[in-house]
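Sequence and predicted structure, then a few things I'm wondering about:
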Amino acid sequence: MFEIWLPTIARFRGLAIPDHRDVFFYALGALIAGLTWLRYYRPTPLPSAQPDTTPPPPTNPQP
């Protein structure tokens, strides 16, 4: 937002140049980084996070 809006304010004219391509390529880079992160750095579930399928021990053992 500031990359486009701020340079149009009289106080900042001459200090900054509005560049919509900067905003586009920042967003594109963030999208590519996010997709790369999801694809290659996805956490694998821990073995303790797997559902326990063993039956519970009996509460009243028969003699």
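It's in.

just checking, what packs against the lengthiest helix in the chain?
Using DSSP state H, we find that the single longest helix of the chain is helix 20-40. Judged by 3 or more C-beta pairs under 8 Å, 6 or more residues apart in numbering; DSSP states H and E, helix 20-40 is in contact with helix 2-5. Quick note: C-beta positions are derived from backbone N, CA and C, even for glycine.

Output the helix it packs on as PDB, restricted to C-alpha atoms.
This file holds the C-alpha atoms of helix 2-5, laid out as PDB (Å, rounded to 0.1, in the frame of the first residue of the first chain):
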ATOM      1  CA  PHE A   2       2.700   2.500   0.900                       C
ATOM      2  CA  GLU A   3       4.700   1.600  -2.200                       C
ATOM      3  CA  ILE A   4       1.900   3.100  -4.300                       C
ATOM      4  CA  TRP A   5       0.100   5.600  -2.000                       C
END
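
can you pull the buried residues of that helix?
residue 3 (16 or more other C-beta atoms under 10 Å).

All further residue positions should be reported with the first residue as 416.
Done: numbering now begins at 416, and the last item shifts to helix 417-420.

Show me the residue at the heart of this protein, geometrically.
residue 449 (5.7 Å; C-alpha atoms, centre = their mean).

and stretch 456-476, what's its mean pLDDT?
Across stretch 456-476, pLDDT averages out at 69.

do you know how far the residue nearest to the centre of the chain is from residue 473?
Using C-beta to C-beta, to the nearest Å, residue 449 is found at 50 Å from residue 473.

count of neighbours near the residue lying closest to residue 419 once chain neighbours are set aside?
Closest residue to residue 419 apart from its sequence neighbours, by C-beta to C-beta, 6 or more residues apart in numbering: residue 433 at 5.2 Å. Counted by other C-beta atoms under 10 Å, the residues lying close to residue 433 total 15.
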